[in-house]
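> Sharing a model that was predicted from the sequence below.
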Number of protein chains: 2
Amino acid sequence: MKEVTIYDIAKKLNISASSVSRAISNNTNISAATRKKILQAADEMGYRVNNFARNLRKDNNNKLIGVIFHKLNSQFSINALYSIEKVVRNAGYDIIICHSSESHEQEIINAGNLFQRRVDGLIVGLSSDVGNINHFDKYIENDIPVFLFDRVKTDFPGVKVVLDNFKAAYMATTHLIERGCKRIVHIAGKQTSAVYIDRLKGYKHALAEHGIKYSPALVLHRGVDAAAAPLLAQDILEMSPGPDGVFAVNDLCAVMCMKALQKAGVKIPEDIAFVGFNNDVMSTVIEPNLTTVNYSGEEIGEIVAKMIIDEIRTKNETKSNYTITLQPELIIRESSNRK
Amino acid sequence: MKEVTIYDIAKKLNISASSVSRAISNNTNISAATRKKILQAADEMGYRVNNFARNLRKDNNNKLIGVIFHKLNSQFSINALYSIEKVVRNAGYDIIICHSSESHEQEIINAGNLFQRRVDGLIVGLSSDVGNINHFDKYIENDIPVFLFDRVKTDFPGVKVVLDNFKAAYMATTHLIERGCKRIVHIAGKQTSAVYIDRLKGYKHALAEHGIKYSPALVLHRGVDAAAAPLLAQDILEMSPGPDGVFAVNDLCAVMCMKALQKAGVKIPEDIAFVGFNNDVMSTVIEPNLTTVNYSGEEIGEIVAKMIIDEIRTKNETKSNYTITLQPELIIRESSNRK
DNA sequence: CTGAAAGCGCTAACAA
DNA sequence: TTGTTAGCGCTTTCAG
């Protein structure tokens, strides 16, 4: 089917294409009468603006935000995406999303791809926050803002939005200590990610501050997904003396691990108290309900989206370079209710 | 910063722009030597193709799939989106997603927006499957495939991918009957959606086929989210005689309702057996584990994405118009283990 | 308030 | 194999 152009409309109405253009793009230099006539004809003829032509003429008007995230199938990511979509759409932008599957290679491909697409801005949750990130250099050279969130690289020269993971882990561990725990297991994440590194640091710091000696044997590196849970539970059961508290880096593995331990006869929180991370829905499904750090994705998604829209709109000469640090909040539930 | 164009490269290398174009777009009519020279210069000069110009010249090459979905923050939608993204990206397309928030108005706006974006295809989970859907007419007129999934309108002239909801509900209800349930509550969804209408029908059909009289009082219309759970539990507790089975249209409300009932002293499955829908992760977190219909989103997302990519690639003259119906599968767990 | 004309960056027919 | 040329649909000066 042949597309209708402004020339078709112009010809039909016996006016110039420029007038049609003015009417279509809400330009002021046109009388209300002709505008109305044009708009009506455009509608009747099934006209749609050709954004390719429009963008070819005047650039930087793509109204498109790219999102690259390391994970797509988790409660956290969907909440973040949900917020980002909402904010960005309200501002009149669309989002185009890419999944990097925790792969640095894929992230580089995605970054190149979205650059070709000429996104006006890029929101990224890094696949890994060690390793170089010069695949964003071309964005910076072209004054396209790149904002990192959740997983960031601290030396990245741009805006970063993060949770204070150190403090969150510190609070979680301190909470367990205050509830009388002395031998606290930490279910750790991959130490290639600052997020997990900071959580381990916060855990250690809380121990040190309360005069508890740090023991590497209590830090478990089996992974943090559902599949790792039975192994983690096994590790915990085999410890002697057994631990009296567990701080896990996410709710999913905390919950699955709790279930495995309960099946083996462990009482929670009496024998072992648990604290998770994220405030996933399932933390309120498990019995006892899981004490956790509130970090569900919605807030951070909303903030990073708002900030980047603001950056795009104000187009200031000087590149923004700052970090927004969200304060963690511990949600205390039954799983740590002892003493 | 000024963009580098093929003319800049041509000038620098003292060749014509068409040669540069040929090299960039992998055209065969060019010698290996010049191609190499051009590609190298392009790289050095920081050239990136201008897709606006390219698409203006030769249309239908946007390599973009639009996705409109009524809900974004649920396990099902994450999984569907995850699969769609994976398939579509493998095929070399990007996806641009829009959330219609269960609003028909928003869906119309999104459809118009993505049409402007000139997506090559549109995947839609309808906000509501009653009401008209002529906001897709312009796609059809322009030969842009629109594929519906999950929530579809049966008279839509195009490809539809659905679960056999009638059969799924029939299986779930029959299972409860076979486990000895006689007074089975159905937690129903909004009857503006064929998905929920069919599930209610399947429920009724199973009752009828097993000689159980249908009672409208056993069908609850309080909503199907976590907030509705306490009300649903209250309704169930106030029934006299009380029910011995519950079939809910999703796992979330089933699980939350189970918890409310357990808190009130109801034993599951001894007093009341439960069957949910979706096979959400939380169905394996709740105790007892929830029997449910496996409909997690991954499979349906993968199918609809594969089909639309295939349709786009083959560009057949005749518009495809068929329905793919997924066979439901009941996952039997402890929550219905009685008799 | 309206029209004429140039040009955004690219591709593809045609010519050499 | 390479170059010349026209034009995709639009916006935007500049004239009137």
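Ah, there it is.
> What distance do you get for the residue of the stretch 201-339 of chain A found nearest DNA strand D to A:Y47?
Minimum separation of the stretch 201-339 of chain A from DNA strand D (Cβ to the nearest atom of the strand) falls at A:K315, amounting to 15.5 Å. The way it works is simple: take the backbone N, C-alpha and C, and place the C-beta from them, glycine included. Noted for A:K315: a distance of 31 Å to A:Y47, by Cβ to Cβ, to the nearest Å.
> Now the residue of the stretch 201-339 of chain A closest to DNA strand D: closest residue in space, sequence neighbours ignored.
Closest residue in space to A:K315, ignoring its immediate chain neighbours: A:D143 at 7.9 Å, by Cβ to Cβ, 6 or more residues apart in numbering or on different chains.
> And for that neighbour, the neighbour number?
By the criterion of other Cβ atoms under 10 Å in any protein chain shown, A:D143 has 11 neighbours.
> and it, helix, strand or coil?
coil (DSSP: H, G, I helix; E, B strand; the rest coil).
> which of A:K315 and A:Y47 has more neighbours?
Legend: neighbour count by other Cβ under 10 Å for A:K315 and A:Y47, higher for A:Y47 (19 against 9).
> residue contacts, that one?
In this structure, A:Y47 makes contact with A:V4, A:T5, A:I6, A:D8, A:I9, judged by Cβ atoms under 8 Å, 6 or more residues apart in numbering or on different chains.
> Which one of those residues sits in the busiest neighbourhood?
Top of those by neighbour number is A:I9, holding 24 neighbours under the definition other Cβ under 10 Å.
> Check which helices and strands the host helix or strand of it sits against.
Assigned by DSSP states H and E, A:I9 belongs to helix A:6-13. Counting contacts by 3 or more Cβ pairs under 8 Å, 6 or more residues apart in numbering or on different chains; DSSP states H and E, helix A:6-13 packs against helix A:17-24, helix A:32-45.
> Phi and psi next, for the residue nearest to A:K315.
Per-residue torsions, A:D143: phi 60, psi 30 (degrees, to the nearest 10).
> so what pLDDT did it get?
On pLDDT, A:D143 comes in at 85.
> how about the residues of chain A near DNA strand D?
For chain A, the contact set with DNA strand D under Cβ under 7 Å from any atom of the strand comprises A:3, A:5-7, A:17-18, A:21-22, A:24-25, A:27, A:47, A:49-50, A:53-54, A:56-58.
> Buried only: go through those for me.
A:T5, A:I6, A:S21, A:R22, A:I24, A:Y47, A:N50, A:R54, A:L56 (16 or more other Cβ atoms under 10 Å in any protein chain shown).
> Who's the closest spatial neighbour of A:Y170, skipping the chain neighbours?
A:G202 (3.9 Å).
> Can you name the residues of the stretch 151-300 of chain A that neighbour chain B?
When proximity is defined as Cβ under 8 Å from any Cβ of the partner chain, the stretch 151-300 of chain A approaches chain B at A:A226, A:L252, A:V255, A:M256, A:K259, A:V281, A:M282, A:V285, A:I286, A:E287.
> rerun that using 7 Å as the cut-off
A:V255, A:V281, A:M282, A:V285, A:I286, A:E287 (Cβ under 7 Å from any Cβ of the partner chain).
> pLDDT wise, what is whichever residue of the stretch 151-300 of chain A sits closest to DNA strand C at?
Using Cβ to the nearest atom of the strand, the closest approach of the stretch 151-300 of chain A to DNA strand C is made by A:G158 at 25.7 Å. The model reports A:G158 with a pLDDT of 91.
> so where do the helices sit in the stretch 151-300 of chain A?
A:165-178, A:194-209, A:229-238, A:251-263, A:298-314 (DSSP state H, counting those that start in this stretch).
> Make CSV out of the ones you listed and add mean neighbour count, distance to DNA strand C and mean pLDDT.
Output for the helices of the stretch 151-300 of chain A, formatted as CSV (neighbours: other Cβ atoms under 10 Å in any protein chain shown; distance: least, Cβ to the nearest atom of the strand, whole Å; pLDDT from 0 to 100):
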stretch, mean neighbour count, distance to DNA strand C, mean pLDDT
helix A:165-178, 22, 43, 98
helix A:194-209, 20, 38, 97
helix A:229-238, 18, 51, 97
helix A:251-263, 23, 46, 97
helix A:298-314, 20, 20, 94
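> how many other residues sit next to whichever residue of the stretch 101-250 of chain A sits closest to DNA strand D?
The nearest approach of the stretch 101-250 of chain A to DNA strand D comes at A:R118, 15.0 Å away (Cβ to the nearest atom of the strand). A:R118 has 20 neighbours, counted by other Cβ under 10 Å.
> count of neighbours near the residue lying closest to A:S101 once chain neighbours are set aside?
In this structure, A:S101 finds its nearest non-sequential neighbour in A:H70, 7.3 Å apart by Cβ to Cβ, 6+ apart. Other residues within reach of A:H70, judged by other Cβ under 10 Å, total 23.
> What ranges in chain A fall below the confidence cut-off?
For chain A, the stretches with pLDDT under 70 are A:1, A:59-60, A:129-130, A:316-317.
> repeat that for 80
Scanning chain A for pLDDT under 80 picks out the ranges A:1-2, A:26-28, A:58-61, A:128-131, A:315-319, A:339.
> Domain map for it?
Structurally, chain A divides into domains by automatic domain parsing as follows: A:6-45, A:64-162+A:298-325, A:165-295+A:330-336.
> Return the distance of the closest residue to A:L39 other than its chain neighbours relative to A:A10.
Nearest residue to A:L39 in three dimensions, chain neighbours excluded: A:A23, at 6.0 Å (Cβ to Cβ, 6+ apart). Separation of A:A23 from A:A10 (Cβ to Cβ) stands at 10 Å.
> Neighbour count for the two, which is higher?
A:A23 (23 against 18).
> OK, contacts around that one?
For A:A23, the contacting residues are A:I30, A:T34, A:R35, A:I38, A:L39, by Cβ atoms under 7 Å, 6 or more residues apart in numbering or on different chains.
> what about 6 Å?
Counting by Cβ atoms under 6 Å, 6 or more residues apart in numbering or on different chains, A:A23 makes contact with A:I30, A:R35, A:I38, A:L39.
> For those, give me a markdown table that also has distance to B:I84.
A markdown table is the format used below for the contacts of A:A23 (distance: Cβ to Cβ, whole Å):
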| residue | distance to B:I84 |
| --- | --- |
| A:I30 | 43 |
| A:R35 | 40 |
| A:I38 | 39 |
| A:L39 | 36 |
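> near DNA strand C too, which of these?
Checking the contacts of A:A23 against DNA strand C (Cβ under 7 Å from any atom of the strand), the matches are A:I30.
> any idea which of the contacts of A:A23 has the most stuff around it?
In terms of neighbours by other Cβ under 10 Å, the contacts of A:A23 top out with A:I38 at 24 neighbours.
> count of residues packed around the closest residue to A:I187 other than its chain neighbours?
Distances taken as Cβ to Cβ, 6+ apart place A:A248 nearest to A:I187, at 3.9 Å, with adjacent residues excluded. By other Cβ under 10 Å, the residues close to A:A248 number 30.
> Test my guess that A:A248 contacts A:G189.
No. Counting by Cβ atoms under 6 Å, A:A248 stays clear of A:G189, with 9.3 Å between them.
> rewinding a little: tell me the two of the residues of the stretch 151-300 of chain A next to chain B that are most distant?
Spanning the widest gap among those are A:V281 and A:E287, at 14.2 Å by Cβ to Cβ.
> what about these two, which has more around it?
Between A:V281 and A:E287, counted using other Cβ under 10 Å, the more crowded position is A:V281 (20 against 17).
> how about that one, what does it touch?
Counting by Cβ under 6 Å, 6+ apart, A:V281 touches no other residue.
> Kindly report the same for A:M258.
A:I268, A:F274.
> That one and B:S31, how far apart?
From A:M258 across to B:S31, the span is 67 Å (Cβ to Cβ).
> Ok, A:M282 next?
From A:M282 across to B:S31, the span is 61 Å (Cβ to Cβ).
> Likewise for A:G131?
Taking Cβ to Cβ, one finds A:G131 at 38 Å from B:S31.
> next one: A:G180
78 Å.
> cool, A:N134 as well?
From A:N134 to B:S31 the distance is 33 Å (Cβ to Cβ).
> And the helices of the stretch 151-300 of chain A: which comes nearest B:I268?
Comparing the helices of the stretch 151-300 of chain A under Cβ to Cβ, the one sitting nearest is helix A:251-263, at 16.6 Å.
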